[in-house]
Every structure is written in structure tokens, then in C-alpha cells.
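Q: Sequence and predicted structure below; questions after.
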Amino acid sequence: MEIDLGPALIIFMQEAKDLLEEMESSLLALEDNPDDSETVNSVFRAMHTIKGSSGLFGFNPVVSFTHEAETVLDHVRNGERKIDDALISILLDCKDHTASLLEFCVESPEAEVTDELTAAGDQLVQQLTGNDNVSDTLAIINVDDQEATVESLDDVKDMADSWLISLAFKADAFRMGVDPLSFFRYLKTLGDIQRALVITTDIPSTDDFDPENCYLNCKLAFKSDADKQTIEDVFEFAADDCDINILPPNSKVETYLSLLDDLSESHIQRLGDILVEVGALTKNDISKAIQTQENSDTDPTQGKKPLGEILVEQQVVQPAVVDKALEKQQEVKQKVATEASFIRVDSNKLGQLIDLVGELVISGAAMDLMVGKHGLADVEEVAETMNNLVSGIRDTALDLRMVPIGETFSRFRRVVRDVSKELSKDIELKISGGETELDKTVVEKINDPLTHLIRNSLDHGIEGPEERLQVGKSEKGQIQLTAKHQSGHIIIQIIDDGAGLNKERIVAKAVSNGIIQEDHNLSDQEIYNLIFAAGLSTKEQASDLSGRGVGMDVVRRNIEALRGSVNIDSREGKGTTITIQLPLTLAIIDGFMVEASNERYIIPLSMVEECVEMNGDNWRVDEVQNYVNLRGVAMPYLRLSEYFNAAKVESANKQGRQSLVVVRLGKKKAGFVVDELHGEHQTVIKPLGKVFENLEGLTGATVLGDGNVALILDVQGLIKAATA
Amino acid sequence: MAINVTEQRDSATYIAIADEMTIYTALEQKNELLPHLKPNHQLQLDLSGVSEIDSAGMQLLIHMKQKAQELDNEFSLVQHSQAVVEVIGLFNLTSFFGDPVVITVDRSTF
């Protein structure tokens, strides 16, 4: 089987090019600063990485050449060879040669390297190794090392303190540039190899022996204070060419056991995570074991093998440690179970807290104002810190009122079951996103509209079983109820796979009820949304559940009362999707503050589309009908000062520069004409009180930092007023 | 070629390897050396000229040692270079080869 290396090759070439460039600049840096070990390392890495990757692509000339350079660089790195100008210039030549070799290999991978290149390479290798007369001293050093190792080999008294490392190399290991020796050497820098056992029995003594295949397996007793991850990292780059097994020393077991004892009991962890946390295993061990678990043939009667058993089987950890960890896990589970209690709090108290936090936000703003006004630079920092804390408190307090919507959702299971029985339909309810949180008051208030919408879907949306079979759908209807967060809002969707809405019927009904004209010019979307208009029901036979046309307009009103919106989309024969968008909380919103006739107003920021200058020269303004033509889109506009305080309108205002704030709600747009824009404002919503309850165009008020009151606009109502 | 048959007798062959013994040379050296591994014969490898040896080279030596045992060939390594000594030591194979390892570097230079 041929593997397409094309894309990988491109990446490799790019990488190699970068590495070589880096190598060049490092070498040049070394000319000035020959003792910088980090720079030497980066040169070494370049050669090493190119060697490894080239092996992968079978570029043997590159591998053998870079190997030479790498060896020399390794000596330099270990301080066994001094780097001087001569060596640097040879290495620079080596860099160039590597580049040409790479180019050659990529262009004609099958061809033999030209004599010219070979000769150049040989010469460089000669230069590299020729003056390598340091090797004698190297040998002497190694002799001493050697004796030490030999001695320690006999000293096996404390084998219990050793890590047991098993390495099973794959046949291709040598060709991939993996040399068991390098591990041995590297391990020696981390600790003592107390006993090495190279298993030679796998080397065939027949003629099958391929000297380029790796038949070696090693077992090492390794004494070190390093933790398991560090030891595993030694073998990291060989992980593909070698099966590695690292068993912690028995003495470590004690440590692990005591660590397990001390482990925090605050939350339940998975077994693997516990073992990784105390350092008995590495993440790698766990993922391998999990893979084994997944791949194992599952006996349906027994289920999968427990992870702990697999880990012990794979000899990466002692059974005692796993047992202890399991015990610990159980302990924590019990503890958490008894501790996982809730405090029941009177919701009024919570309300009070939120109110207070609202006041705090306001006084924070007031303080800011004062600090700014008096130019108290040294107070500013303190005020800033306090503001951060206040926002933290605000978020936490609001969070207290957040509840997952799942509970509300699951109530509908029953509704769906009962209703579908009643209607003799087979309908399944699928719920997702039940963990999505939103304000408790919103949850309570959304319950009725949701019930209505779902009943509608059950009744009107999903067809009876026979009808469904006729149109080629499965007998079983489906309703999906989903919730998710989206930019400060929660989106609830009710999706059914029913018949969809019948456009013609809706239009006919709407026309006969006088909601729209016969020569309407509405988009599909607008037609669908007509079902939320009062007095529209298309079901010829009204049922007990729905269909009297009194429901949908109430649904919309309820949702809008929560400052939300509802939209419907449908495809005939395929189903209907109802999307409800709600704010997360009713207490505090991001507002946009404007001013008209010295009165401040807040518009919910999410509804503001843009702000432009109200200028008759730029936009065609119809002063009589209050329409403005903004870049070809006509929309109604409303002068806030006139609307709210018609008597007090001063002509002076007209001379000043005015702005047009374009708001949008669903598909509808309108403009509000204001005198001044103040920008974003954290708005704590206060109810207006009974007296103003029926005031059109306002939903509430907020107290500003300077103690003044700003009114929060009811965009929905104002758009209606502007259109009328 | 870096393999010199220094002495060839009826019962014994002496070979000096003056080259690295690595993955790059392993195949070639195997092809060169194995024909000299004859039954009831003696083969001695002089490793003083082995500048570098890696796992592949060591594996080749192990293979030859094992094969020699099968063939009743008296296979021995002499004049180990420091590179060879180091690897045999690291791999703990001194007793496997059973050859006296002579430390050749003069310690007085230290």
C-alpha cells in the first residue's frame, strides 16, 4: 500500500528550510559567542530533526550526512569538542550541503545521488571528523564512567528502589534513527542504570538476520529521583518505534500510597486522573490503557474490563497503588455525596441581594463620576479595583439566580406522552442543552409559552401515523427541544418534523381576518410569523388543546414581556422550527444611553443597530409622515423628546445637532431621534411602580451614577408607535 | 574497505575492523564478516579501529556471537576500542561475549 506523502512532504520541506535557516543564523551567532550552549543546541536540533524526518521519507543520503554533522555537534554540545571559526565554516557548508541533498531527494527520490554531491558530502564529512582528535580524551573519560557502571552493576541490593523500564523496539527503529544506546546514555544523566538486560534471544541466528532491523529488547533497572513523566519524556520521540513500559519502583509505591492519602477530597476524580495526579502514571499510560479498553472485545454479559485491571496487566503500575486509588475514589464519592447539599434560600432574600448589588453598581458609578470630577488621580486606582470587585459580586449574585432549564424541559416529556396518546400519535421528545442556565424568573415565566408552543407542535405540527407513512416519513414523529447560550442570550428552539406551516392557508386566513391586505408583499418568514398575530388559527377543527387562535399572540406577548423575541420558520412537509430568544437575566442589562430634551433614556444595547447623524442633507427625511430614507431603506422614526414630552419641546433643540439611533427588533427597524449619545451603560433595571405601569414605551427605569433617573425604553412598543 | 583480514590460517582468521559499526555500515559489514564465520574455526575481531558503534553494530556482534556458538566457532573480540567498551558496558554484555576487555588507554596521560 502506497501512502501519499505529498502534503506531509511539503510540510517537511518547509520545516527543513526553516530549520536550516535557523541553523545558519545560530552558527553566525556562535561566531561571536561560541560558548552559548543554547545556540549550539539549536544547531544540533536542526540536524537532528532533519535527520529524523528524512528517515521517515526514506531520504537516506540526507540521513547519513546529517548523522555525521549531528555526531560532531553532539560532541560540541557535551563540551568534548570546541567550536571554533573553522568548525563553524565547515558546519555552514554542511548546512548548504544538506539543503542541496534535500532538494535532490525531493526532486528525484528514486535516483542515486550524483557523484558530485557524494564527493562534496564525503569531503565535508572528512573535514568534520578529520580533525576530531579529541576522541582520545573522550575515551579516557568513558573508561572511568565504565568502571563506575560495572561496579554498580554488582550492587543490586536496593533494586527495590529502581524503576523497571522495558523497551521493546520495533523492527524499523534503527532506520527511524532510534538508537537504544542514546536512551541508555540519556538515562544516565537522570540517574543510575543499576542493571541493564539486553534481550538478545530475538536476534535470529539464521540467515534471516537483517542487520538493519532492530531485534533488541531491553530491560533496565534504573535508579533515579525523577518522576515518571520525566522518565517517560526520555522516550518521547521514540514512542512510535518502541513499546515502552515503565514500572515505578516499589519504594515509590509507598510514596504514592501516602500521596493518595493526602489527596484533596473536594471533588470526585476519575481513576486515571487520580493516578496521574500522584505521579504514579503518566497521561500517556492512561490513554494507552483506555485505548486497550476500547479495542477489547466486549463480552456483552461482562461489560468492559475495568481500567485499573488493564493498567496492572500492562505492568505500568503496581496493583497496590490501583487498589488504594480506587479506595480513595470511593471515599471521596461518599464524602461528596454527603456534602453535596444545597441551601434552600428564600427567593425574596435573593431578590434583596440582587437589589443591593444593583445599588452597589449604581454607587460605584457615582463614585467613578466623583473621582473623575475632582481629578483624584490617586483614588482612581482604588476605585478601579473596587469596580472590578463590584462587577464580580454582580456576576456572582446574578449567578445565584441562574438555574438550569433542564427541569422545565423534562416536564414536557409528560406533556408529550399524554398529548400524543390523546391524539393517537406516536411522538418522541428529544431534549438537549438542559444544563443551560438562565434566570429563575425567566424560567418560570417561559414555562407557559413553551407549553403552548409544544402543544401546538403536537397538535398541528406532527401528522398522524398514517399520514406520516403516506408521505414517506417514519411513523414516529419527533420534537426536539434545545437550549443554548448565544452572546448574552439564551436560545430555545422547538423543532418538529411535522407537516410544516401551510402558507396559503395562513395568508387566506389573515386576509379574511383583515390582518393583511390581499395584495400583501410579505416574505415567507413574515407570513409564518403571522400566526403570532391575534385571532389567527388555521386548524379547521379547533381541538381541546389549541387551535382557537387565542394562544399564539399571548405566547408572543409573554415572551416579549421578558424582553425576548420569538421567530418561526418552516418548510412545508419537513417541519417547523420555533426559535425563542431570551435575555439571561431581567435584573441588569447592557444599555445604550441617549439624551433628548435633557432627559436620559436607555436602549437595550442588543437592539441598537447603528447611530447616524440626523441630517436632512444626507438622508431624505419625510417630516410629515416621520419617515427617513436611510441608504435606500425607508423606516419610521420617532423624536423621543416629542414622544415623551410633547409640551416641552423647545425649538432650540432643532438647531442643535441630532442623532438617529437605529434600533431593530426581529425584522422591524425604526429610528429614534435624540440630542446626544452617551454610550454604553451598565443598567440596573428598576420597575417603574404601579402608577406608571401602563405607560406606553417604557419598561422601567434606572438610577444613574449622579443620582438622576434614566428611563429604559420599550423598543417593541416604540417601534409600534412609530409605525402607527 | 575497512575490514582487513590480517591473518588467515587453516584454523583461524584474524580480522581488524577499522571503521565505525553503525546502522550505516551494518549491512555491508555483515556481508563481509559472516563468510569468515566457519564451523569449527576460530574468528577473532580486532575492534581497536572501531571509532563508533551503535545499537545496530552491537546487534551485529551479538548475532555473530550467537551464530558462532551454533557453528562451534571460537569467536572472540579483542582490542576493544573505547567506543565498543562503552556500549558493551552500557548494554551489560561483557559476560555475554566473555572476552577479556582490555582497557587500552594509558592512564598516565590523565
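A: That came in fine, so what should we check first?
Q: All the helices of the stretch 51-200 of chain A, residue numbers only.
A: A:60-77, A:85-107, A:115-130, A:135-154, A:180-190 (DSSP state H, counting those that start in this stretch).
Q: Most tightly packed of those helices?
A: helix A:60-77 (a mean of 22; mean count of other Cβ atoms under 10 Å in any protein chain shown). Bear in mind the C-beta positions are built from the backbone N, C-alpha and C, glycine included.
Q: can you pull out the helices in chain B?
A: Under the criterion DSSP state H, chain B contains helices at B:26-33, B:55-71, B:82-90, B:94-97.
Q: okay, the ones you listed in JSON lines with mean neighbour count, distance to A:Ser205 and mean pLDDT next?
A: As requested, the helices of chain B are exported to JSON lines (neighbours: other Cβ atoms under 10 Å in any protein chain shown; distance: least, Cβ to Cβ, whole Å; pLDDT from 0 to 100):
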{"stretch": "helix B:26-33", "mean neighbour count": "18", "distance to A:Ser205": "13", "mean pLDDT": "87"}
{"stretch": "helix B:55-71", "mean neighbour count": "22", "distance to A:Ser205": "4", "mean pLDDT": "87"}
{"stretch": "helix B:82-90", "mean neighbour count": "23", "distance to A:Ser205": "19", "mean pLDDT": "86"}
{"stretch": "helix B:94-97", "mean neighbour count": "14", "distance to A:Ser205": "14", "mean pLDDT": "81"}
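Q: Reformat the ones you listed as a markdown table; add distance to chain A.
A: Below are those laid out as a markdown table (distance: least, Cβ to the nearest Cβ, whole Å):
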| stretch | distance to chain A |
| --- | --- |
| helix B:26-33 | 4 |
| helix B:55-71 | 4 |
| helix B:82-90 | 3 |
| helix B:94-97 | 7 |
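Q: now those helices as CSV including distance to A:Gly351?
A: Below are the helices of chain B laid out as CSV (distance: least, Cβ to Cβ, whole Å):
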stretch, distance to A:Gly351
helix B:26-33, 81
helix B:55-71, 74
helix B:82-90, 74
helix B:94-97, 83
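Q: Could you report the neighbour count for the residue in the stretch 451-600 of chain A positioned nearest to chain B?
A: For the stretch 451-600 of chain A and chain B, the shortest gap (Cβ to the nearest Cβ) falls at A:Lys484, measuring 56.0 Å. With neighbours defined by other Cβ atoms under 10 Å in any protein chain shown, the count for A:Lys484 comes to 12.
Q: isn't it right up against A:Thr436?
A: Yes: in this structure, A:Lys484 is within contact of A:Thr436 by Cβ atoms under 8 Å, at 5.9 Å.
Q: Touching both of those two, which residues are there?
A: With contacts taken as Cβ atoms under 8 Å, 6 or more residues apart in numbering or on different chains, A:Lys484 and A:Thr436 have A:Ile490 as neighbours in common.
Q: And the helix or strand harbouring A:Asp590, what's buried?
A: If you go by DSSP states H and E, A:Asp590 is part of strand A:588-596. Of the residues in strand A:588-596, A:588-589, A:591-596 count as buried by neighbour count, 16 or more other Cβ atoms under 10 Å in any protein chain shown.
Q: With stretch A:390-397 instead?
A: In stretch A:390-397, counting by 16+ other Cβ under 10 Å, buried: A:390, A:393-394, A:397.
Q: Please apply the same query to stretch A:491-501.
A: Across stretch A:491-501, burial judged by 16+ other Cβ under 10 Å covers A:491-501.
Q: do the same with stretch A:510-529
A: Quick answer for stretch A:510-529 (16+ other Cβ under 10 Å): A:510, A:515-516, A:522, A:527-529.
Q: of all the helices of chain B, which lies closest to A:Gln334?
A: The closest of the helices of chain B to A:Gln334 is helix B:82-90. By Cβ to Cβ, the value is 50.5 Å.
Q: tell me how far the closest one is from the chain's mean position?
A: Helix B:82-90 sits 12 Å away from the centroid of its parent chain (Cα atoms, centre = their mean, to the nearest Å).
Q: what packs against it?
A: helix A:135-154, helix A:180-190, helix B:55-71 (3 or more Cβ pairs under 8 Å, 6 or more residues apart in numbering or on different chains; DSSP states H and E).
Q: tell me the mean pLDDT over the longest one?
A: pLDDT averaged over helix A:135-154 equals 37, rounded to a whole number.
Q: May I have the beta-bridge partners of A:Gly671?
A: A:Tyr637, A:Val662 (DSSP bridges).
Q: Just give the number of residues close to it.
A: Applying other Cβ under 10 Å, I find that A:Gly671 has 28 neighbouring residues.
Q: quick one: contacts for it?
A: With Cβ under 8 Å, 6+ apart, A:Gly671 has these contacts: A:614, A:628, A:630, A:635-638, A:660-663, A:722.
Q: if you set the cut-off to 6 Å instead, what comes out?
A: Residues near A:Gly671 by Cβ atoms under 6 Å, 6 or more residues apart in numbering or on different chains: A:628, A:635, A:637, A:660, A:662.
Q: From the contact counts, what lies against the helix or strand harbouring A:Ala325?
A: Assigned by DSSP H and E, A:Ala325 falls within helix A:319-339. Helices and strands touching helix A:319-339, by 3 or more Cβ pairs under 6 Å, 6 or more residues apart in numbering or on different chains; DSSP states H and E, are helix A:250-262, helix A:271-277, helix A:307-313.
Q: Give the buried residues for the following helix or strand past it.
A: Later in the chain than helix A:319-339, the nearest helix or strand by DSSP H and E is helix A:347-374. For helix A:347-374, a neighbour-count test (16+ other Cβ under 10 Å) marks A:353-354, A:357-358, A:360-362, A:364-365, A:367-368, A:371 as buried.
Q: Format the residues you listed as JSON lines; extra columns: pLDDT.
A: Shown next, in JSON lines, are these (pLDDT from 0 to 100):
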{"residue": "A:Leu353", "pLDDT": "87"}
{"residue": "A:Ile354", "pLDDT": "83"}
{"residue": "A:Val357", "pLDDT": "85"}
{"residue": "A:Gly358", "pLDDT": "82"}
{"residue": "A:Leu360", "pLDDT": "86"}
{"residue": "A:Val361", "pLDDT": "82"}
{"residue": "A:Ile362", "pLDDT": "82"}
{"residue": "A:Gly364", "pLDDT": "82"}
{"residue": "A:Ala365", "pLDDT": "80"}
{"residue": "A:Met367", "pLDDT": "84"}
{"residue": "A:Asp368", "pLDDT": "81"}
{"residue": "A:Val371", "pLDDT": "84"}
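Q: any idea which of those residues is closest to A:Ser100?
A: A:Asp368 (66.6 Å).
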